[in-house]
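> I would like to see how this sequence folds:
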Amino acid sequence: MSYIHIDEILEGKHEGETVGVRGWVHRIRKQKNMVFALLRDPSGVVQTVIKESAVSEEDYADAEKMLIESLVSVKGTVKADERAEGGYEIQVEELEVLHFAEEFPITEDQSIEFLNDNRHLWMRSRTMTNVLKVRDEVFRSAREYLRDNGFYETTSPMFVGTMGEEGAELFTVKYFGKKMYLTQTSQMHLEPQLFALERVFTLAPSFRGEKSRTRKHLTEYWHLEAEEAWCDHDCNIKRQEELISHMCQSVATKCEGILKEMEISPERLFRIESPFERMTYDKAIEYCQAEGLDISWGEDIRTEAEDILTKDRDSFLVIECYPKEIKSFYMKHNPEDPRTYLNNDLLAPEGYGEIIGGSQREDDAEKILENLRRIGDDPKKYEWYIDIRRYGSVVHSGFGVGLDRLIMWMLKLEHIRDSVPFPRTVTRVYP
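Modelled structure (predicted):
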């Protein structure tokens with residue numbers, strides 16, 4: 001028998017036809033002489049009606065025996081029915097139970113902790129399935145934009161010997177007798193590659209060891225990072241704006257049905273168009289102070305300040321030119337204000353936090369050495385990184401996108417863990 005996906009039925013393509021469908025029992029209701037089973041495959045859910053009078057005695061006995069998450073295939077006639085979920089049902093003529101599931105441990109009104117302990121099963125839920133589909137489109141559209149704009153996808157090592165960003169804790173690992181780290185950014189290994197390819201990106205995990213227990217932090221997260229030659233600070237911000245806009249437009253267009261099922265208006269994403277409003281760090285601090293926040297120049301813009309800056313916005317906000325003391329040594333000196341670098345963060349609307357961090361990179365080897373000495377770091381650890389500035393150095397910039405947090409904002413998720421299949425946090429490494 002050939003099989004179709006359930007979404008074809010829900011789109012009205014097979015009314016009155018006999019079809020074959022296979023999937024998992026999503027819900028089941030047993031009555032006298034009749035079994036109603038909602039059948040799920042990756043594309044959707046459809047009601048099947050198994051009447052004792054319409055199938056063999058053996059098939060009906062199996063229908064009465066099967067439980068939620070049993071794996072089945074059915075053959076039957078598609079019928080429009082307003083009472084059925086999705087407006088269609090399959091009147092079953094043949095049923096084969098390919099695997100009888102045991103009693104499913106997840107029922108209604110389970111605690112969040114229980115659902116996370118059973119993440120391997122919970123991802124079959126409609127909510128998690130929809131999140132994973134949107135996640136796929138976010139990844140696909142990011143690659144689409146970058147490739148269409150001349151970027152090459154590449155890779156960088158996960159084991160590194162140097163710190164990529166100031167103030168971030170790294171996971172230390174033993175590497176054949178040496179002390180190494182799990183990478184917190186691929187940036188430093190992307191930069192040498194742009195000297196060969198000009199525009200490069202990678203999509204890979206990054207790891208942060210901070211003991212953050214907020215709803216916006218994971219210890220392992222998916223990081224889209226790009227580096228571009230012949231690109232200064234303004235060029236870099238424009239690239240970020242176009243990328244985010246493209247991803248939002250793509251999800252709004254291609255996941256419209258999923259968004260509506262999750263009670264999110266696609267217009268929320270359609271309205272995200274570049275360019276975004278820009279605000280200097282100086283102005284952001286003044287704005288937060290005027291709103292009553294106790295914050296001084298030189299402090300980082302963290303959760304409370306981010307909330308104030310974005311609570312009433314329906315699009316992204318660029319904050320640029322942060323102080324040198326709170327940013328990394330590889331950033332370009334700001335000629336208009338020697339206290340700051342040519343860098344930026346991109347904040348999501350409604351207090352969802354920083355989505356992108358980026359900067360023009362320092363292209364002068366001596367300035368890099370000067371920055372390292374200023375912060376008290378050992379230049380010898382970065383010899384290979386400094387080396388690339390000695391042989392045909394070029395103006396270049398780059399940025400990193402926290403894709404999990406972007407998805408969290410897109411879908412209005414309560415916690416970032418719900419944007420990934422298997423979250424890793426300070427308290428969770430299972431399953």
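> when you work out contacts or count neighbours from here on, use the C-alpha atoms and nothing else.
Fine.
> contacting residues for Val72?
When contacts are counted by C-alpha atoms under 8 Å, 6 or more residues apart in numbering, Val72 touches 22-25, 95-99.
> tell me the bridge partners for it.
Gly23, Val97 (DSSP bridges).
> okay, Ala168: pLDDT?
Reported pLDDT at Ala168 in the predicted model: 65.
> go ahead and list the helix or strand containing Val45.
strand 44-51 (DSSP states H and E).
> same for the next helix or strand after that strand, what does it pack against?
Using DSSP H and E, the helix or strand that follows strand 44-51 in sequence is helix 57-65. Counting contacts by 3 or more C-alpha pairs under 8 Å, 6 or more residues apart in numbering; DSSP states H and E, helix 57-65 packs against strand 44-51, strand 88-99.
> go again using 6 Å as the cut-off
Packed against helix 57-65 by the contact rule (3 or more C-alpha pairs under 6 Å, 6 or more residues apart in numbering; DSSP states H and E) you find no helix or strand.
> now that helix: average pLDDT?
98.
> buried ones in that helix?
Neighbour-count burial for helix 57-65, counted by 16 or more other C-alpha atoms under 10 Å, picks out 59-60, 63-64.
> got a markdown table for those, with distance to Phe399 too?
Below are these laid out as a markdown table (distance: C-alpha to C-alpha, whole Å):
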| residue | distance to Phe399 |
| --- | --- |
| Asp59 | 58 |
| Tyr60 | 59 |
| Ala63 | 55 |
| Glu64 | 56 |
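> from the residues you listed, which is closest to Gly400?
Set against Gly400, the nearest of the buried residues of helix 57-65 by C-alpha to C-alpha is Ala63 (51.3 Å).
> check the gap between that closest one and Ile4 for me.
Distance from Ala63 to Ile4, counting by C-alpha to C-alpha, to the nearest Å: 21 Å.
> quick one: the strands in the stretch 151-300 of the chain?
Remark: strands assigned in the stretch 151-300 of the chain by DSSP state E, counting those that start in this stretch are 152-153, 159-160, 172-175, 178-182, 199-207, 220-229, 277-280.
> which residue ranges form the helices in the stretch 201-350 of the chain?
Using DSSP state H, counting those that start in this stretch, the helices assigned to the stretch 201-350 of the chain run over residues 233-254, 256-261, 267-270, 281-290, 303-310.
> out of those, which comes closest to Gly44?
helix 256-261 (10.3 Å).
> now find how far off-centre the closest one is within its chain.
Relative to the centre of its chain, helix 256-261 is centred 17 Å away, using C-alpha atoms, centre = their mean, to the nearest Å.
> I'd like the contacts of Val72 as TSV, with distance to Ser419, pLDDT and neighbour count appended.
Shown next, in TSV, are the contacts of Val72 (distance: C-alpha to C-alpha, whole Å; pLDDT from 0 to 100; neighbours: other C-alpha atoms under 10 Å):
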residue	distance to Ser419	pLDDT	neighbour count
Arg22	28	98	22
Gly23	24	98	22
Trp24	23	98	24
Val25	25	98	24
Leu95	36	98	22
Glu96	35	98	16
Val97	33	98	19
Leu98	31	98	13
His99	30	98	12
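> quick one on the thing from earlier: ok, which of the helices of the stretch 201-350 of the chain comes nearest Lys75?
Across the helices of the stretch 201-350 of the chain, closest to Lys75 is helix 256-261 (C-alpha to C-alpha), at 26.8 Å.
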